[in-house]
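**Q** fold the following and give me the result.
(one chain, ligands or ions: 1)
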Amino acid sequence: MDCLSSTVLFIFIGWPIILPVLFFVGYWSLKNKPTSKKYVERFFHNFHIGGHRGSPMMEPENTIASMIQAKKEGADLIEFDVSLTKDGVAVILHDDTLDRTTNLTGPIRDFFYKDLGTVDCAANFKKERGSTTVLPLPTLEELVKWAKEHNMKMLFDIKDADECFLSKLVKLFDEHDLYDSSIVCSFFPIIVYKVKRLNPRILTGYTWRRWFITYIDHEGRKPRFNGYKHYIASIVDTLNVWSIKSWLPSFLGVEMVLTERSEISSMFVHQQRHHGREVCAWTVNDINEMVWMRKTLEIPVLTDMPFLVNQINPVPPGQGF
Ligand SMILES: *[C@@H]1O[C@H](CO)[C@@H](O)[C@H](O)[C@H]1NC(C)=O
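**A** As a prediction, this is how the structure comes out:
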């Protein structure tokens, strides 16, 4: 038998062994390593309540005023969303467009940073409340400086990232020494994977909810795609949930899974802890649910209502303000 036909024969009968071996070798050679326990503990030991975009019931979301408010209410961490302008400036904005939260319209990616000088992030918030404050759009840099000065932990939710931004982000961690106080999270596994590759000391988290790819909304009423694409999306979502519970977080090297509140169970938390990972729940606005998560499961939570923390840990009479 010549060399070619024996190779063909080997592949033909050997694939049940070759394929798993290839997968296994690929998995282990591409797998990220999580950050050392020492650094992870420094971040998590006093992270209990995170203000989701600040304190968005009291002050306009993702503004410095909202972060100040969250701190005042007792949050120990602020969560915020990072988007990019046309010229690649990282700013704090949740949506792809400016429409919902500001007095400008259109995608943030269409604006140069210099054209956002007069944008008002309180515009739509105050309309309902008759306030006249004007709040600027914060840059990531400004917010990081504020948080460092005020000893607040940070959870970066990265919506949009190119290579250039990721390298800037890594530099930001270095310049401001954010390793003990910050974690980078994203719905996009590739983003957290790359951040960990660029600097293994940066803590990362994978954000997820069921049916994220299939539906835009939480209730499952607005499909993202039509026709057959909708069914493909739901298969991908199903695989994603399975992956999160089996191999994906280990592969990405994340220290935390930022999990939508309805997916939280004692079993899920134990499974993740067994693998040395923390679980953080978003977005918890119900006091009973918060008490269960904080007291029984002992996991940190993100909330729109950081002020609820006072109901979990009531100030003993005679103390406090
Ligand atoms: C948005 O509001 C600010 C502050 O009131 C104002 O200076 C600016 O001109 C407004 N921009 C638009 C496009 O309305």
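**Q** worst-scoring helix or strand of this protein, pLDDT-wise?
**A** When the helices and strands of the chain are scored by mean pLDDT, DSSP states H and E, helix 123-127 comes last with a mean of 81.
**Q** can you list contacts of that one?
**A** 59-61, 100-103, 131-133 (CB atoms under 8 Å, 6 or more residues apart in numbering). Yep, even glycine has a C-beta here, placed from its N, CA and C like the rest.
**Q** restrict the residues you listed to those near the ligand?
**A** Counting by CB under 6 Å from any ligand atom, the subset of the contacts of helix 123-127 that neighbours the ligand consists of Asn103.
**Q** now for the contacts of helix 123-127: which two are most distant?
**A** Farthest-apart pair in these is Arg100 and Thr132; separation 20.1 Å (CB to CB).
**Q** C-terminal to the longest strand seen in the chain, which secondary structure element comes first?
**A** Looking across the chain with DSSP state E, the single longest strand is strand 77-84. Sequence-wise, the next helix or strand downstream of strand 77-84 (DSSP states H and E) is strand 90-92.
**Q** more crowded one of Arg100 and Thr132?
**A** More crowded of Arg100 and Thr132, by other CB atoms under 10 Å: Arg100, with 11 against 7.
**Q** one step back: list only buried entries from the contacts of helix 123-127.
**A** Among the contacts of helix 123-127, those classed as buried by 16 or more other CB atoms under 10 Å are 59-61, 101-102.
**Q** out of those residues, which is nearest to the ligand?
**A** Thr102 (7.5 Å; CB to the nearest ligand atom).
**Q** pLDDT at the closest one, what is it?
**A** For Thr102, the pLDDT comes out at 95.
**Q** residues in contact with it?
**A** Thr102 touches 119-121, 123-124, 137, counting by CB under 8 Å, 6+ apart.
**Q** how about it, secondary structure?
**A** coil (DSSP: H, G, I helix; E, B strand; the rest coil).
**Q** spatially, which two of the contacts of Thr102 are the most separated?
**A** Asn124 and Leu137 (13.3 Å).
**Q** contact partners for Arg294?
**A** By CB under 8 Å, 6+ apart, Arg294 lies in contact with 48-49, 301, 312.
**Q** Three-state assignment for it, please.
**A** Going by three-state DSSP: Arg294 is helix.
**Q** state the distance from it to the ligand.
**A** 39 Å (CB to the nearest ligand atom, to the nearest Å).
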